[in-house]
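Engineer: Test case, fold it:
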Amino acid sequence: MPNKKKIIFSGVVPSGNLHIGNYFGAIRQWAELQNTGEYQTIFCVVDEHALTTPQDPAKLRSKILEVFTLYLALELDPEKSIIFVQSMVSEHAELGWILNTITPVGELERMTQFKDKSQKQKSVLAGLLNYPVLQAADILLYHTNTVPVGEDQLQHIELTRTIARKFNSTFGETFAIPEPFINKEGKRIMGLDDPSKKMSKSAENPKNYIALLDSPETIREKIKSAVTDSGSEIKYDAQNKPAISNLLTIYSLFSDKKINKLEKEYAGKNYSVFKNDLAETIIEGLSPIQKKYKELSANPDYLKKVLRDGAEKAESIAYQTMREVRSKIGFLEI
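Structural biologist: Below is the predicted model of the structure:
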């Protein structure tokens, strides 16, 4: 596909609540990449991936719209980027199926996330095993060059690269081989209830994360109950004081203050004072995002237009890719 700019693709699954880790670890970076003007940026609400776990249809529909609206509230610009919902472009599922036919089951069973999640489920469904192939289809469909990801997704990008090479060698040069782009800063945001694990929007304990749409009262309560380390010194030491180090990271991201400056500012002060100030800083930082979200939510006609326009733009690229794929694998053309 002729395009002088490198193509970036990324997306979020609309399961659970988008939280500050999603923002600092991914979406803020997307907006920065979008605004450089150096890339063709494509951002998707990957709702088909949500089906790997049971979903209530009404709640899923609500979450898809919530995440899409949050994309816009977080400064993803439909005039600069293609922003759309995965299920509105049927070529994702079609290419996913085709790529499944050239992907060995053993490759999928070795995926770390499959191993982890399958151990927690009584009955393992095929979608959980196959979703990395759908993820590969999401990426390859748009001739993506760069995928912003966390380190926990590197294995998935490597599988995507393997699948693309196999298709190209079997059927002829078709797909770009994508490269991962890692945001080192965002990977450090850990759970408020367990600083040894990343903040998770699908965590069973809602006190694990600060959701982007949490009320001020909820934020204060979650920060107040966040685990801390033994002792009272407010000092960054990821190995020996992981909990307070995580809170310092969050404070630094919201305040744009260096961690060493925060250490000096809170020298001799206790955790309670630090937590109170951190909560208010988060509330202040999320306020403009929440205000924008409410404004957008109050304008459903605008949201529907952006949804349609994004799907049409994505479809125009996906359609051309699939014409080429169908021809190369031997499907009939009329």
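Engineer: so how many other residues sit close to Ser272?
Structural biologist: Residue neighbour count, defined by other Cβ atoms under 10 Å, stands at 11 for Ser272. Every residue, glycine included, has its C-beta placed from N, CA and C.
Engineer: Check the gap between Val133 and Lys166 for me.
Structural biologist: The gap separating Val133 from Lys166 is 12 Å, by Cβ to Cβ, to the nearest Å.
Engineer: Of those two, give the one with the bigger neighbour count.
Structural biologist: It is Val133, of Val133 and Lys166, that has more neighbours when counted by other Cβ under 10 Å, with 24 against 15.
Engineer: what's the helix or strand in which that one is found in contact with?
Structural biologist: Taking DSSP states H and E as the definition, Val133 sits inside helix 126-140. With contact meaning Cβ atoms under 8 Å, 6 or more residues apart in numbering, helix 126-140 is reached by 9, 11, 44, 46, 48-49, 51-53, 86, 92-93, 95-96, 98-100, 103, 105, 108-109, 111, 113-114, 117-118, 121, 147, 156-157, 159-160, 163-164, 167, 175-176, 178, 321.
Engineer: Now, of the residues you listed, which are buried?
Structural biologist: By neighbour count, with 16 or more other Cβ atoms under 10 Å, the contacts of helix 126-140 hold 9, 11, 44, 46, 48-49, 51-52, 86, 92, 95-96, 98-100, 103, 108, 111, 114, 117, 147, 156-157, 159-160, 163-164, 167, 175-176, 178, 321 as buried.
Engineer: Next step: those restricted to strands.
Structural biologist: When those are checked against strands (DSSP state E), the matches are 9, 11, 44, 147.
Engineer: contacts for the helix or strand of the chain with the lowest mean pLDDT?
Structural biologist: Ranked by mean pLDDT, DSSP states H and E, the helix or strand of the chain with the weakest confidence is helix 112-119, at a mean of 75. With contact meaning Cβ under 8 Å, 6+ apart, helix 112-119 is reached by 108-109, 124, 128-129, 132, 152, 155-156.
Engineer: One more: stretch 220-237?
Structural biologist: 192-195, 206-207, 209-210, 214, 240-245, 247-249, 259-260, 262-263, 266-267, 269-271, 274-276, 278-279, 282-283.
Engineer: Can you tell me which of those are buried?
Structural biologist: For the contacts of stretch 220-237, buried by 16+ other Cβ under 10 Å: 192-195, 207, 209-210, 214, 241-245, 247-249, 262, 266, 271, 274-275, 278-279, 282-283.
Engineer: among those, which are in strands?
Structural biologist: Among the buried ones among the contacts of stretch 220-237, no member lies in strands (by DSSP E).
Engineer: Narrow those residues to those in helices?
Structural biologist: Members of those lying in helices (criterion: DSSP state H): 242-245, 247-249, 262, 271, 274-275, 278-279, 282-283.
Engineer: Over stretch 259-279, what's the mean pLDDT, rounded is fine.
Structural biologist: For stretch 259-279, mean pLDDT is 95.
Engineer: Could you do stretch 80-95 as well?
Structural biologist: Rounded mean pLDDT across stretch 80-95 is 98.
Engineer: Could you export that stretch as PDB, CA atoms only?
Structural biologist: Written as PDB, here are the backbone C-alpha positions of stretch 80-95 (Å, rounded to 0.1, in the frame of the first residue of the first chain):
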ATOM      1  CA  LYS A  80      -5.100  13.000  12.500                       C
ATOM      2  CA  SER A  81      -5.700   9.300  13.200                       C
ATOM      3  CA  ILE A  82      -7.900   6.500  12.100                       C
ATOM      4  CA  ILE A  83      -9.900   5.600  15.200                       C
ATOM      5  CA  PHE A  84     -12.400   2.700  15.000                       C
ATOM      6  CA  VAL A  85     -14.000  -0.300  16.500                       C
ATOM      7  CA  GLN A  86     -12.700  -3.700  15.400                       C
ATOM      8  CA  SER A  87     -16.000  -5.500  15.000                       C
ATOM      9  CA  MET A  88     -17.200  -2.800  12.500                       C
ATOM     10  CA  VAL A  89     -14.500  -4.000  10.000                       C
ATOM     11  CA  SER A  90     -15.200  -7.600   9.100                       C
ATOM     12  CA  GLU A  91     -11.800  -8.200   7.500                       C
ATOM     13  CA  HIS A  92     -10.200  -8.600  10.900                       C
ATOM     14  CA  ALA A  93     -12.100 -11.800  11.600                       C
ATOM     15  CA  GLU A  94     -11.600 -13.000   8.000                       C
ATOM     16  CA  LEU A  95      -7.800 -12.500   8.000                       C
END
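Engineer: Now do the buried residues in it.
Structural biologist: Buried, per 16+ other Cβ under 10 Å, within stretch 80-95: 81-89, 91-92, 94-95.
Engineer: who touches stretch 17-27?
Structural biologist: With Cβ under 8 Å, 6+ apart as the criterion, stretch 17-27 contacts 10, 12, 66-67, 70-71, 74, 76, 148, 150, 183, 185-187, 189, 198-201, 209-214, 250, 253-254, 282, 286.
Engineer: Now which of these would you call buried?
Structural biologist: With burial judged by 16+ other Cβ under 10 Å, the buried subset of the contacts of stretch 17-27 is 10, 12, 66-67, 70-71, 74, 76, 148, 150, 183, 186-187, 189, 198-201, 209-214, 250, 253-254, 282, 286.
Engineer: one step back: can you state the direction angle for the helix holding Val133 and helix 112-119?
Structural biologist: Relative orientation of helix 126-140 with respect to helix 112-119: 160 degrees, computed using axes from the mean of the first three to the mean of the last three Cα atoms, to 10 degrees.
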